[in-house]
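**Q** Make a model of this:
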Amino acid sequence: MWKRLSGAAVGLVILTTAPALAQDPSFPVALAVDVSRSGETVKPVWRFFGADEPNYATMKDGRATLATLGGLAPDHVFFRTHNLLTSGDGTPALKWGSTNVYTEDAAGRPVYDWTIVDRIFDTYRARGVKPYVEIGFMPEALSTSPRPYQHDFRPGSGALRTGWAFPPKDYGKWEELVYQWVRHCVERYGRAEVASWYFETWNEANLPQYYWGGTREEFFLLHDTAIKGVRRALPEARVGGPDGAGAGDQFITAFMEHAKAAGTPVDFLSFHAKGSPKVIAQGDTSHVRMGVATHLKAADHEFAQIAADPVFRGKPIIIGESDPEGCAACQGPANAYRNGTMYSSYTAASFPRLQALARRRSLDLEGVLTWAFEFEDQPYFAGFRQLTSAGIDLPVMNVFKLFSKMSGTYVATTSDHEATLDDMMSDGVRGAPDVASVATRDGDRLSIMVWHYHDDDLAGPDAKVSLDVNHLPKAFAHGARLTHYRVDRDHSNAYAAWLRMGSPIAPTEAQRQTLIDAARLATLDPSPSAVAVKRGDARIDFELPRQGVSLLVLTPD
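**A** You can find the predicted model right below:
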């Protein structure tokens, strides 16, 4: 059931799930949607993305990827990136980027240059994307420990924390830099536009071995002065933080306590939560096992701290990085899930559970930010955590296209094969697979997302789904039309097409076009099919492969 494929372009062994064997029986799943039982308004928490490397945004595949993201919800998609204030000439590298906004003349006077950072934000705005502004990192001329400045990270080696990660030698100059930058943005993009952005300071300052070279108190001072600079330039700016790593600590509690004591404004709270995949050896074969339980527990640990604070528990929350593991630019066998449908099915199954955890604690989850973008001029399907590869959409990107088609209000769904939230937090999905759904109604349009997820990247039988849709509105009296979108081993999957063509390192023009065609969001039928509706009820039967995700859209006939 397993193929070992040589990733010669990157020197990796990439594991991929083979299709279920013909003799594997499908198993029955009963799903039900009750359109009459409506719930809360759909909040598009999926519309946040980010990356370490800011300069990729202005490059050919970066521009194309941003255009896809912006097209999903124009002017409602946000992008967060590191290194917006980092010194350098704008040449990108893994986990690196620069804008050179701040230098000093011979007399130590600030010199501001917004050329590169303007180009980045202009690229966002031209494609319907807004900045989620991360105020960092430290310009070389302000760093208390400037040498060496640029890190030498490589997948598997290299030191990350160098001069860019240290506190400023002058907090007054730091505040003025932020003030001048935000004032410039207001002049360039308009007051109302910049007021619609998010502003936060730094990244994962509770990980001193990676992103912060000072003390916690120095970070809080860095944050306070940055926010003071933002609000001095734009009093109505939306500010928050601390975008700390979900490290099982009390960092966000300390941040909230500090903000209350210092009087620093906080409009939203942000933290990170990650999973932890690993390789499971089985004789002479091995496979990836995802760590969705780790991911959910990390999020809930942060949610619990926020819920315990009467001042902050009503604030909007953004999970500022939410991913199956912690390093988009790292490669290796445990990350072999990324190119295919394991990543897409994990995404479909995890987002509703993160929302359920927040709902359980009566919290306002405003966003779940996927820390994945693209890596420019890398080999096809090189094994990075990304949304596109060589300008070609990956299956995970197509799940975000499905998310974007869900609007209105949620309606009730049930499944006899749904993993409970507590079981997923405790044990992940290691026994029976998780076959579950969410559904939304927007007027007379009903959208039902169904996924078939398991933590183990192993072949398994298809789910034979019987979907009962009950209490459809009167507009469906004469029947319904069904558009059935699918992401699986055979649909919306450029990676599978690349494997079938022999994993070429440099696809020809014709092969590339085949990959582009395979990457498009696919439907099971070329045109909407008829669905019978009797007394407001309908039955839809279909098979859903392991790691598959469906979106069924019903409209009146």
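
**Q** What is the end-to-end distance of stretch 325-333?
**A** End-to-end distance for stretch 325-333: 13 Å, by C-alpha to C-alpha, to the nearest Å.

**Q** got the buried residues for it?
**A** Going by neighbour count (16 or more other C-beta atoms under 10 Å), the buried part of stretch 325-333 is E325, G326, C327, A328, A329, C330, Q331, P333. C-beta: built from backbone N, CA, C; applies to glycine.

**Q** Excluding covalently adjacent residues, which one is nearest to the fifth one?
**A** Just to be clear, that refers to A329. Leaving out its chain neighbours, the residue that sits closest to A329 by C-beta to C-beta, 6 or more residues apart in numbering is L94, at 4.3 Å.

**Q** And the last one, by the same measure?
**A** Nearest-residue entry for P333: V279, 4.9 Å, with adjacent residues in sequence omitted and distances by C-beta to C-beta, 6+ apart.

**Q** Next, the contact list for that neighbour, please.
**A** Taking C-beta atoms under 8 Å, 6 or more residues apart in numbering, we find V279 in contact with S286, H287, V288, R289, P333, A334.

**Q** Looking at strand pairing, list the partners for the residue nearest in space to the middle of the chain.
**A** In the chain, the residue lying closest to the centroid (C-alpha atoms, centre = their mean) is T370, at 1.2 Å. Judged by DSSP bridges, the bridge partners of T370 are F49.

**Q** and it, how far is that from Q331?
**A** Counting by C-beta to C-beta, to the nearest Å, the gap from T370 to Q331 is 18 Å.

**Q** what kind of secondary structure is the residue nearest to P333 in?
**A** strand (DSSP: H, G, I helix; E, B strand; the rest coil).

**Q** Against K95, how distant is it?
**A** According to C-beta to C-beta, V279 and K95 sit 23 Å apart.

**Q** now do P545
**A** 35 Å.

**Q** Can you check the pLDDT for the most far-flung residue of the chain relative to its centre?
**A** Residue farthest from the centre of the chain, counting by C-alpha atoms, centre = their mean, is A107 at 43.9 Å. We have a pLDDT of 97 for A107.

**Q** Name the helix or strand for it, please.
**A** For A107, there is no host helix or strand (DSSP states H and E).

**Q** before we move on, back to that, out of the contacts of V279, which two sit at the greatest distance?
**A** Within the contacts of V279, R289 and P333 form the most distant pair, 11.5 Å apart (C-beta to C-beta).

**Q** which ones are touching G479?
**A** With C-beta under 8 Å, 6+ apart, G479 has these contacts: A530, V531, A532, V533, P556, D557.

**Q** rewinding a little: which one's more surrounded, P545 and K95?
**A** A count of neighbours by other C-beta atoms under 10 Å puts P545 above the other of P545 and K95, at 24 against 21.

**Q** how close does that one sit to Q282?
**A** 22 Å.

**Q** now swap in F268 and tell me
**A** Distance from F268 to Q282, by C-beta to C-beta: 44 Å.

**Q** ok, those two, which is more surrounded?
**A** Neighbour totals were compared for F268 and Q282, and F268 leads with 20 against 9 (other C-beta under 10 Å).

**Q** Which residue, other than its chain neighbours, is closest to that one?
**A** Counting by C-beta to C-beta, 6+ apart, the residue nearest F268 is G240, at 3.7 Å.

**Q** now that neighbour, what's its secondary structure?
**A** G240 - assigned by three-state DSSP - is strand.

**Q** Pull up the pairing partners for the longest strand seen in the chain, direction included.
**A** Longest strand in the chain, counting residues (DSSP state E): strand 27-41. Each strand paired with strand 27-41, and its direction, by DSSP bridges: strand 409-415 (antiparallel), strand 463-470 (parallel).

**Q** In terms of secondary structure, what does the very next helix or strand once past the shortest one contact?
**A** In the C-terminal direction, the helix or strand that comes right after strand 409-415 (DSSP H and E) is helix 421-427. Helices and strands touching helix 421-427, as assessed by 3 or more C-beta pairs under 8 Å, 6 or more residues apart in numbering; DSSP states H and E, comprise helix 292-307, helix 341-360.

**Q** Can I get helix 421-427 as PDB, trimmed to CA atoms?
**A** Taking C-alpha atoms only, helix 421-427 is exported to PDB below (Å, rounded to 0.1, in the frame of the first residue of the first chain):
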ATOM      1  CA  LEU A 421     -14.000  17.200  20.400                       C
ATOM      2  CA  ASP A 422     -12.800  15.700  23.700                       C
ATOM      3  CA  ASP A 423     -11.600  12.500  22.000                       C
ATOM      4  CA  MET A 424      -9.700  14.500  19.400                       C
ATOM      5  CA  MET A 425      -8.000  16.600  22.100                       C
ATOM      6  CA  SER A 426      -7.200  13.500  24.100                       C
ATOM      7  CA  ASP A 427      -6.200  11.000  21.500                       C
END
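
**Q** And that helix, how far out from the chain middle?
**A** 21 Å (C-alpha atoms, centre = their mean, to the nearest Å).

**Q** Please work out which residues outside that helix touch it.
**A** V292, A293, L296, K297, D300, R353, A356, L357, R360, D434.

**Q** next SSE after that helix?
**A** strand 434-442.

**Q** The helix or strand where V194 lies packs against which elements?
**A** Using DSSP H and E, V194 sits within helix 191-195. Applying 3+ C-beta pairs under 8 Å, 6+ apart, we find helix 191-195 packed against helix 171-189.

**Q** If we use 6 Å, what do you get?
**A** Counting contacts by 3 or more C-beta pairs under 6 Å, 6 or more residues apart in numbering; DSSP states H and E, helix 191-195 is packed against no other helix or strand.

**Q** Give me the contact list for that helix.
**A** C185, V186, L234, E236 (C-beta atoms under 6 Å, 6 or more residues apart in numbering).

**Q** What is the nearest of those to Y495?
**A** Distances from Y495 to the contacts of helix 191-195, taken by C-beta to C-beta, are shortest for C185, at 38.2 Å.

**Q** Could you check how far that closest one is from F268?
**A** Taken as C-beta to C-beta, the span from C185 to F268 is 19 Å.

**Q** F255 now?
**A** The gap separating F255 from F268 is 12 Å, by C-beta to C-beta.

**Q** Now the closest residue to Q355 other than its chain neighbours. Its backbone dihedrals?
**A** Closest residue to Q355 apart from its sequence neighbours, by C-beta to C-beta, 6+ apart: L365 at 5.8 Å. Here the main-chain torsion angles of L365 (degrees, to the nearest 10) amount to phi -90, psi 110.

**Q** thinking L365 is in contact with A356, fair?
**A** No. In this structure, L365 is not within contact of A356 by C-beta atoms under 6 Å, at 9.6 Å.

**Q** So for the two, which residue has more residues nearby?
**A** Remark: of L365 and A356, L365 carries more neighbours, 20 against 15, as counted by other C-beta under 10 Å.

**Q** Provide the partner residues of that one in its beta bridges.
**A** Assessed by DSSP bridges, L365 has beta-bridge partners I317.

**Q** contacting residues around it?
**A** V45, I317, Q355, A358.

**Q** on that earlier part again, just say which of the helices and strands packed on helix 421-427 is most tucked in.
**A** helix 341-360 (a mean of 23; mean count of other C-beta atoms under 10 Å).
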